[in-house]
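Student: Everything below, folded, please.
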Amino acid sequence: MRTHIITTLSLGTVLLALSACDRKAEPMPANTNRTTTAPATVPDADNTARNKLDRDAAAKTPMDQSNSTDDIKVTADIRRAIMEDKTLSTNAKNCKIITEKAGTVTLRGPVDSQAEKDAIDAKAKSIAGVRTVINELEVKIN
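Tutor: Take a look at the predicted model:
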């Protein structure tokens, strides 16, 4: 009986130690003082001003995307062409592509340069099934 109690206590101690070892210490940010007790706060991303543009009833949003098979294929083909271009920035690759009304494509969102805006426009126009491209891409001002 005594051996059983000791074995149980030993097993409990080992499990307690292992569960404590499972915790990982969070790394300190490089720019903080070790004597600081409160973590450094990072401001939340604020896209409020940009998102106000989507409130305009005339502004095209992804919700305006046509559900026709041809229009979905056009959007996918444009997205694929953009993603395959390694010279484009992340902003450019995240632009909105909305295809509706049998091949009318609207491009929206920020890009880093006029060259990116032109490149995305050219890629969209080169895709089979595109009739019209409405380029509303905005060059980001630094």
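
Student: Val139 is in contact with Gln114, correct?
Tutor: Yes. Here Gln114 lies in contact with Val139, judged by Cβ atoms under 8 Å, at a distance of 5.5 Å. In this view, the C-beta of every residue, glycine as well, is placed from N, C-alpha and C.

Student: Looking at those two, which has the bigger crowd around it?
Tutor: The neighbour comparison of Gln114 against Val139 (other Cβ atoms under 10 Å) goes to Val139, with 14 against 10.

Student: For the more buried one, list the residues it contacts.
Tutor: Pro110, Val111, Asp112, Ser113, Gln114, Glu116, Lys117 (Cβ atoms under 8 Å, 6 or more residues apart in numbering).

Student: Quick check: phi and psi at it.
Tutor: Note on Val139: backbone dihedrals following degrees, to the nearest 10 are phi -80, psi 120.

Student: quick one: it from Asp121, how far?
Tutor: Using Cβ to Cβ, to the nearest Å, Val139 is found at 12 Å from Asp121.

Student: ditto for Asp71
Tutor: Here Asp71 is placed at a distance of 18 Å from Asp121 (Cβ to Cβ).
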